[in-house]
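Colleague: no FASTA, just this:
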C-alpha cells in the first residue's frame, strides 16, 4: 500500500501538496492541466526534488526522508530514458547495476528480457540510433530488469502514435501482472486506457488533488 | 579669393621651409642611436655644421642592416648606411647601391691595410671574451684552450644578425679552418645562450648568467672610465684576435647625396672621431683623436682577418656549419 | 548571398596566388634545393613537432581535471571566471610572454624550451578548460537525473556521462592546440634562446630576414603546410571546434563547493601571477613617454582598426556561405595555421617588383592581419546565419524576398548585436601582431609590438614590461567598450 499524506513541495514561487492512497498492484492515473504539478509529483516521490513536509508511506515505512537509491520507485520519463551514446546492452545492464558489470545470473536475466522485448538483434546498437518505438522497448526492458516495487511513468508514450502507445501500456500491464508492480501513470489520454486504470488522481489546483476510483 | 591667396602663400612658405631644412636619414644599428651611444653627439655636431636635421634610424644589429638594404634596394629611404663592417662589405658592394665617397683615407690608422672607394671606416675593434676577474681564475690563453679544455661558460651573439657574432664565426674559422665544425660542437657544450644582439648578451653576462661574454677588447675601458670598476678584463688569446672595421657609405639613390658625402667627410674628421672612443668604446681611425685614459691599459693583440671577398664567398656555408653545430 | 560568400573565398585565394607569384619572381640567392637538407632542417622540424606535442599534451592534462571540477555545479560568479579564461586566449601574446618573463625568470631560464612550454600553457590551458567546461555543461540535467534513478554514484556519473563527453573533445582540443603551438611564432621567437630552439615558422622568418633567402622560406613553408594540413585532415573527420566565445546563459548558481573553491583559488593565482608580476616589474623604473611611443600607438590602433574591419567584412561574407564541405573549413582554419610569413613575403616581394612596396606597407599589414583574424570571428556569425536561415529561408522564399531584402530584414537585425563584439575581437587580435609588421615594416615604421620587441632585444626589460602593460590596457579598454556596446544593443 502506498500512502502519500500532505506531501508538500516548493519550487520558486509555486507550492504543491498531494495526498492520496494506492493499494498494492493497482494503477493510478494522474491527470490535470499543464503546469499543475503532475511531473512535480513524480519528481518529489522519486526524490529528485526535496519535499518540505509530509510523508510517503510504503508498506508502513516512511520513505520521504530516504535517499533516492533506497526508495522503492522506478521511473520512465517522457523522453531521454536512455543514454544515447551507450549501447543497448549497457543501457539495460545499468538497470541491474550502476557499474554495468553483471554476474552470470544477471547476464542471463538481461538475455531473457532482451528476448522478451524483441531486442536481441539490437543489443549492440547505439541507443541513440534506434527508432522511437525501439527506444521505448529498451526503456521498458530496463524498467522490467530494475524491478522496483512502484513504477512511475511520466507520459512516457505521449510522443508515439496510438498503436505504439497501446503496446506500451500493454507491456506495463504485463509488468503489473508478473511482478505485482504498483503503477502511477501521468497521462493526457485517460480515455484510451480507461479500462486498465484502477484509480484517478485529478489536479484541481496545485495544492488540491482529488482522488476517485476509475469505475 | 582671399582664401586662395592664403593657401598659396602657405604652400610657398612650406616649400621654402622644406628646402632649407634638409634631413639626413642614416640607417644604423640599435646601440649606436641610444643615449649612451655616439648617435646623439654626432647629431649635435653635424647638424650645427650643416644646418640640417640628422635622423638616425636604429635597426637591430649589423647584419640586419645588410638585409634591410637588400630588401629595400633602390627604393630605400636611407641616405647613409652606417654600421656594416669589413666582413660584410663585399656583399654590400655587390648590391651596387653605394656611391663613391671621394675621400682620402691614406692618413687613417687601421689594423690592417684596408682601402675602398665607397666605404669610409670610422672605428675598429678587436673581438675578445670578457670575464669578471673576481669570479674567474682559470682564464684560457688561446681560443683553442677555451674551446677544447676550458670549463668556463660563455654567451655570444647570433652570427646571422650581429657583427660580433659574425666576428666570432670568422675568428673560429681563421683559427680552426677545416675543423671548425667540431670546434663549434665543443663550444656548444659551454654556451649558455646565443642572443640576437650585443646588448642582451652583455646584460646577461653582467647578471652572472655566464663566465665570459663575447665582446670587444675595449669593453673593460668602459667599466674603468664610467663605473670605476676594473674587475672586467679581456682574455688575450695567443692566436690573435679577429678584428672588425666599422664602415659607413652613402646610398647612390639618395636625394641628399651631397649632404651624405659631406657627412662621410665629417665622420673621419677630428670632431666626429673624438666622439667614438668614449661612446662606442672602439678605436677611432684618426690616430690623434681623443680617447679615455683607460684605453692605454687595453691589450693590443695581433689582428686576424679575412678579406671581404673571401667572406662574401663563404659566409653562407660557414653560417650553415655554425648552425648545424649550435642547434644540437 | 552566394556571390557574397564566393567573394570572400576569392579574396583568400587571390592572396595566395599573388603571394605565389611574388615568390616565384623572388630576387633570392638561387641556391640548389638540396643544399637545404641538412641537420639544421632536421632539428627544426623535430623541434617544431616536439614542442607542439609537449605543449598540447600538458595543456590537456592540466585542463581536464580543472574543467571537470569547475563544471561540477554552476557556482556564483562563474561568468567572471569564464571571462578571465577567454581573456587569456585573446590577449596579445606579447603580454603573456612578458608576464612569464617577469614572473618566472628568477626561478629558471625562461629563454628555453621550458619557457616556451610555459608560455604555450598560459595561452592554451584556459582555452582547453573553456571547451571541456562547455562540453560538460551541455550534459542534460535529464541525463543526470536518469543516472540518479539508476543509482549512479559520483564515480558512475563520471564513467557513464562525463568521460564519454570529455573523450570526444580530447582529440579535437589536442589537435587544435598542437596546430596553434606548431605554428607559434612570437613565443618561439622571443623565448627560444638560441638556434636549437627554432621552429619552422621562426626559421622562415629568419630565412627571410637574416639570409634574405625566400627559397628557404618557401621550402620550410611547404614542409610546415604538409604537416599542418595532414593534422587538420586528421581532425576534420568531424565538426571542427567552434571557437565561439558566447555569452553566459542564465543559470541557477550556488556557492562553490570546497573542492571548487580550492581549484578556483589555485587556478586564479596561477593565471593572475604573471599579470601581477608584469605590473610590478613595469613599476621598476619611471615612465618614459616619447614621441615615438605615441606614434607607435597611433599606428597600431589605425592598422588594427583597419584589419578588424576587413576581417569583419570577410567573416560576414563567409558566414553566408551555404557549403559546409571540408575544403571550406580548411580554408578558414588553414589561415590560422598557415605560415603567414611566407604569404607576407610573397606579397611584399611582388609589391617590390611593382615598385609600390613602401607606399602600401600599411595596406598589406591590414590585409594580412585581417585574413588571419577572420577565422576566429567567423564561427559566431556563421552559426547565427545558419540558425536564422534554417528558420526563415523557406518563408523568405515563399514571400519572394530578394537577397538584399533578406539581408536587411532578417539577417542584419540578427547579426547586429554580435558585430561590435566581433569587430573588437578582430581588432584586439590584430593590435598585438608582431610578425607581419616586423617583417615588412620599413625602418621608419613602428607599431607598439615592434617597440616592445626592440626593448626586449636591447634587454630593457622594464621598458618592455611598461609598453606591454600599455598594450594590455588598450586591449582591455577595447573589450570593455565592446561589452558596453553589446549591452546597449541588447537593451535597445
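Modeller: Perfect, I can see it now. Nothing here was measured: the structure is a model prediction, and the numbers come from that model. Residues are numbered from 1 along each chain as shown, chains lettered A, B, ... in the order given.
Colleague: what packs against the helix or strand containing residue C:203?
Modeller: Assessed by DSSP states H and E, residue C:203 sits inside helix C:200-209. Of the remaining helices and strands, those touching helix C:200-209 by 3 or more CB pairs under 8 Å, 6 or more residues apart in numbering or on different chains; DSSP states H and E are helix C:39-70, helix C:186-191, helix C:214-235, helix C:340-353, helix C:435-440. The C-beta positions use only the backbone N, C-alpha and C, and glycine is treated the same way.
Colleague: between the ones you listed, which one is nearest to residue B:69?
Modeller: With CB to CB as the criterion, residue B:69 lies closest to helix C:340-353 of the helices and strands packed on helix C:200-209, at 13.0 Å.
Colleague: next structured bit after the closest one?
Modeller: Taking DSSP H and E, what comes next after helix C:340-353 is helix C:361-398.
Colleague: before we move on, back to that, adding mean neighbour count, write the helices and strands packed on helix C:200-209 out as CSV.
Modeller: Converted to CSV, the helices and strands packed on helix C:200-209 look like this (neighbours: other CB atoms under 10 Å in any protein chain shown):
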stretch, mean neighbour count
helix C:39-70, 19
helix C:186-191, 25
helix C:214-235, 19
helix C:340-353, 24
helix C:435-440, 24
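Colleague: in TSV, list those along with distance to residue C:378.
Modeller: Below are the helices and strands packed on helix C:200-209 laid out as TSV (distance: least, CB to CB, whole Å):
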stretch	distance to residue C:378
helix C:39-70	23
helix C:186-191	23
helix C:214-235	16
helix C:340-353	17
helix C:435-440	20
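Colleague: let's have the ones you listed in JSON lines, adding mean pLDDT and distance to chain B.
Modeller: Shown next, in JSON lines, are those (pLDDT from 0 to 100; distance: least, CB to the nearest CB, whole Å):
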{"stretch": "helix C:39-70", "mean pLDDT": "93", "distance to chain B": "4"}
{"stretch": "helix C:186-191", "mean pLDDT": "88", "distance to chain B": "9"}
{"stretch": "helix C:214-235", "mean pLDDT": "80", "distance to chain B": "11"}
{"stretch": "helix C:340-353", "mean pLDDT": "77", "distance to chain B": "7"}
{"stretch": "helix C:435-440", "mean pLDDT": "78", "distance to chain B": "8"}
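Colleague: what average pLDDT does the lengthiest strand in chain B get?
Modeller: Counting by DSSP state E, the longest strand found in chain B is strand B:120-132. Strand B:120-132 carries an average pLDDT of 94.
Colleague: can you list the buried residues in whichever helix or strand comes after that strand?
Modeller: Going down the chain from strand B:120-132, the next helix or strand is helix B:143-148, by DSSP H and E. Residues of helix B:143-148 classed as buried: B:143-147 (neighbour count, 16 or more other CB atoms under 10 Å in any protein chain shown).
Colleague: between these, which is nearest chain C?
Modeller: Nearest to chain C among the buried residues of helix B:143-148 is residue B:147, at 17.6 Å by CB to the nearest CB.
Colleague: from chain A, how far out is the closest one?
Modeller: Between residue B:147 and chain A the distance is 63 Å, computed by CB to the nearest CB, to the nearest Å.
Colleague: so that residue makes contact with residue B:187?
Modeller: Yes - counting by CB atoms under 8 Å, residue B:147 touches residue B:187, with 5.2 Å between them.
Colleague: how far is the helix holding residue C:203 from where the chain is centred?
Modeller: A distance of 20 Å separates the centroid of the chain from that of helix C:200-209, by CA atoms, centre = their mean, to the nearest Å.
Colleague: tell me the angle it makes with helix C:39-70.
Modeller: Here the directions of helix C:200-209 and helix C:39-70 differ by 140 degrees (axes from the mean of the first three to the mean of the last three CA atoms, to 10 degrees).
Colleague: ok, for residue 180, nearest residue in space, not its chain neighbours?
Modeller: In the absence of a named chain, this looks at chain A. Spatially, and ignoring its direct neighbours in sequence, residue A:180 is nearest to residue A:25 (4.9 Å; CB to CB, 6 or more residues apart in numbering or on different chains).
Colleague: the chain in question should be chain C.
Modeller: Nearest to residue C:180 is residue C:124, by CB to CB, 6+ apart, at 6.7 Å.
Colleague: how many neighbours does the one you found have?
Modeller: For residue C:124, the neighbour count with other CB atoms under 10 Å in any protein chain shown is 26.
Colleague: what's the next secondary structure element after the strand or helix carrying it?
Modeller: Element membership of residue C:124, judged by DSSP H and E, is helix C:113-137. The first helix or strand that comes after helix C:113-137 along the chain, using DSSP H and E, is helix C:141-149.
Colleague: can you tell me the closest non-neighbouring residue to residue C:123?
Modeller: Using CB to CB, 6+ apart, the closest residue to residue C:123 is residue C:96 (5.7 Å).
Colleague: the one you found is in what secondary structure piece?
Modeller: In the assignment (DSSP H and E), residue C:96 maps to helix C:93-104.
Colleague: which helices and strands does that helix pack with?
Modeller: In terms of contacts (3+ CB pairs under 8 Å, 6+ apart), helix C:93-104 is packed against helix C:113-137, helix C:186-191, helix C:258-282, helix C:448-457, helix C:461-491.
Colleague: pLDDT of the fourth one, averaged?
Modeller: What it means is helix C:448-457. Across helix C:448-457, the average pLDDT comes to 84.
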